Every structure is written in structure tokens, then in C-alpha cells.
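>>> build me a model from this:
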Amino acid sequence: MPKVYQFNRTGGPEVLELHEVEVAAPGAGEVQIRVKAIGLNRAEVMYRSGQYVIEPRFPARLGYEAAGVVEAVGDGVAGFAPGDKVSVVPAFSFADYGMYGELVNAPAHAVVRHPRGLPFVDAAAAWMMFVTAYGALVEFGNLRAGETVLVRAASSSVGLAAIQIARMVGAVPVALTRGSAKRQALLDAGAAHVVAMQEQDLVAEVARITGGAGARMAFDPVGGPQAAKLLKALSVDGIFFQYGALDAGDIPVPVMDLLGKHLTLRGYELFEITTDPDKLRKARDFVNAGLASGQLKPVVDKTFAFADMAEAHRYMESNAQVGKIVVTL
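A predicted model of the protein is given here:
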């Protein structure tokens, strides 16, 4: 029988348990996939540890991203057949589906054909990072050529995706990181500039980079007190996207900047894209075009064997990675 990961209590990586289970035939509107690679996401660490937006129901499954080969399709599914190479877009709830398994079922609306020749490891790493960044920068932010975007936590997979998407549309990505250790890696990844927030004056550096105009956009998964510096570094009519809460503290808003520069502060979630069929279609087309042209390429930091899932979670919690962590089968 195929093996899948489950957990029966929240906690550290050690709560992940590998079980042999009977995987049901795909139901109506589902695609069954023989998994070749799994992309790990911070959301899965939060869900496993009881810090996510939904509470797990035990035994709980998890996993948003996978790539593999279609094993079977359920009733009403068109466009996929056994043998097709596909990947999975995060467009469902952990309460309903989980991709941490050798054989999994996924909703057909979340399954895509990726560009021919794209390795399974890259395909499993692509969708969360690129669709998340696309939604804020392009769909809602309308980032244009020549504009500057501040990318906080820039060495994360979504941060690196934002850098590539900014480059793809001709914008200027400024990577924000805590210290200088990852500076060269971020420049190599396409950042036009890197600002180490613990070592440099962010507002002064952005003013220098933009000739005093400020950045048109900030894209931030951290929040907390330091986010005020990003707000102060924005231009007139600037927009701040908060897409995570790695620092759960409140954001102090500099009110005179808010008023004087007509700033927009917006919470943003990936599911704003993946639950809207039209927005999801546009995101898939954009990402597939970028993957096919080579303008978008997932940055994979490290791969782990399927049996080493707990170790892969520990590595993610170390925050040492630059890019995506992928588990291979």
C-alpha cells in the first residue's frame, strides 16, 4: 500500500508519522497522482505546530504542492489522462486534501500541466512561490516597468519568486534581509539591490536607490514593528502588501506618511487568486509562460528523501535556506 504522512497531535517535526494507507479511487472532479516530488511550505510547518489559520482534524494530512504522473481520473474530469505529467497548485484546504504521500488525490481545478521538460523537482517548487508573488505584484499591485518593489524576507521561496516576477515585468526588485550573509546570493538571484535591515538605514537606502521618490510597492510576510520602516520608504500612492505574520506583533503605522503619501495597506492571501477561476487561469498562464521562457525558474535550496520529511521540516525551521526545500520520491 502507498505511504502517506499524517500527524495525530500538533508539535515539532517529530509528530509527523509515515503510514501505509488505502488511497481511495479518485472521486468526481478529482485526479489521482503518483507523486515524484513535494514542495515544502511554511504553511505546513505552521499547520503541523498548531499555528495556522485552520485547526487540524486528526489524523491530519498536509502538503500543498506536488508533482508527478496522473494515475487515474474521476468522473467529470476532462483534459487529464493517465500518464500525464502534472503539478499541483495550492487551491484547496488541508481539511480536504494533503500532498505528502506516494499516491494522492487532488481536485482537478488545482492540477496543471507544467511546461514540457520541466523537472519534477522544479515543478513541485513552482506554484506556491510564483502564484503568491504574482497575485500581489501583478494581479492586485499592477507593478510596472521601472517601478521599485521592496521584497522583505527575500531569501524565502516567495521572496525569490517576487524578485524574478519583478524582473519579468521590468521593475526594480530591492531585496530586504536581516544581515549581510545572504547579500551575494540575493544579487545572484536577480535582486537589483540588497538592503540589510539590521545594518543599514532602510529609508535612506531606498531614497538613494530611487532618487528620493521612494518605492511604489512593498511585499512583506513578516510584519511587526519593523514594517513601519517599509511604509516610510514608500512613494506617493505606494502600496504595502502583508502576506504573512512571521512577526505576530502589530504594525505601527506612521500616520503622517499614510496621509501625506496616500498609502494603501493591504492584507493579501494566495487564496484570493486560487479560489477565483478567472484569476487562477491568468496566474497559471503567466507562470507557465515564465517557466517556458526561462524568465521564471524555481530556486531549489536543498532536496530530502521522502523518509526524511521530519528532517526537511527541521531544516525549514532553521531559516538557513535560500529558496525552496523539496522532498523527492
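>>> all contacts plus neighbour counts: C-alpha atoms, from now on.
Will do.
>>> quick check: buried residues in the helix or strand bottoming out on mean pLDDT in the chain?
Within the chain, no helix or strand scores below helix 255-260, which has a mean of 89 by mean pLDDT, DSSP states H and E. For helix 255-260, the neighbour count (16 or more other CA atoms under 10 Å) marks Asp257, Leu258 as buried.
>>> ok, stretch 205-222 next?
By 16+ other CA under 10 Å, the buried positions in stretch 205-222 come out as 205-207, 209-210, 214-222.
>>> apart from its chain neighbours, what residue comes closest to Glu199?
Once flanking residues are discounted, Glu199 sits nearest to Gly179: 6.5 Å by CA to CA, 6 or more residues apart in numbering.
>>> tally of neighbours for the residue lying closest to Val88 once chain neighbours are set aside?
Sequence neighbours aside, Val111 is the residue nearest to Val88 in space, at 4.7 Å (criterion: CA to CA, 6+ apart). Using other CA atoms under 10 Å, Val111 is surrounded by 23 other residues.
>>> and the residue nearest the centre of the chain, helix, strand or coil?
Residue closest to the mean C-alpha point of the chain, counted by CA atoms, centre = their mean, is Met129 at 3.0 Å. Look at Met129: counting by DSSP: H, G, I helix; E, B strand; the rest coil, its state is helix.
>>> residues touching it, list them.
By CA atoms under 8 Å, 6 or more residues apart in numbering, the residues touching Met129 are Ser157, Val158, Gly159, Ala161.
>>> mind redoing it with 6 Å?
Shown in contact with Met129 (CA atoms under 6 Å, 6 or more residues apart in numbering): Ser157, Val158, Ala161.
>>> among the residues you listed, which lie within helices?
Ser157, Val158, Ala161 (DSSP state H).
>>> what's around the first one, how many residues?
It refers to Ser157. Residues lying near Ser157 (other CA under 10 Å) number 28.
>>> so which of the contacts of Met129 comes closest to Phe92?
Within the contacts of Met129, the smallest distance to Phe92 is 18.7 Å, found for Val158 (CA to CA).
>>> local confidence estimate at that closest one?
Note on Val158: pLDDT of 92.
>>> what do you get for the one 5 residues further on?
Per-residue pLDDT puts Ile163 at 97.
>>> elements contacting the helix ranked longest in the chain?
When the chain is parsed with DSSP H, its longest helix is helix 277-293. Helix 277-293 is packed against helix 271-274, with contacts defined by 3 or more CA pairs under 6 Å, 6 or more residues apart in numbering; DSSP states H and E.
>>> could you rerun that using 8 Å?
Using 3 or more CA pairs under 8 Å, 6 or more residues apart in numbering; DSSP states H and E, the elements in contact with helix 277-293 are helix 120-134, helix 271-274.
>>> OK, contacts around Glu55?
Applying CA under 8 Å, 6+ apart, we find Glu55 in contact with Tyr47.
>>> pretty sure it sits in a helix.
No: using three-state DSSP, the secondary structure at Glu55 is coil, not a helix.
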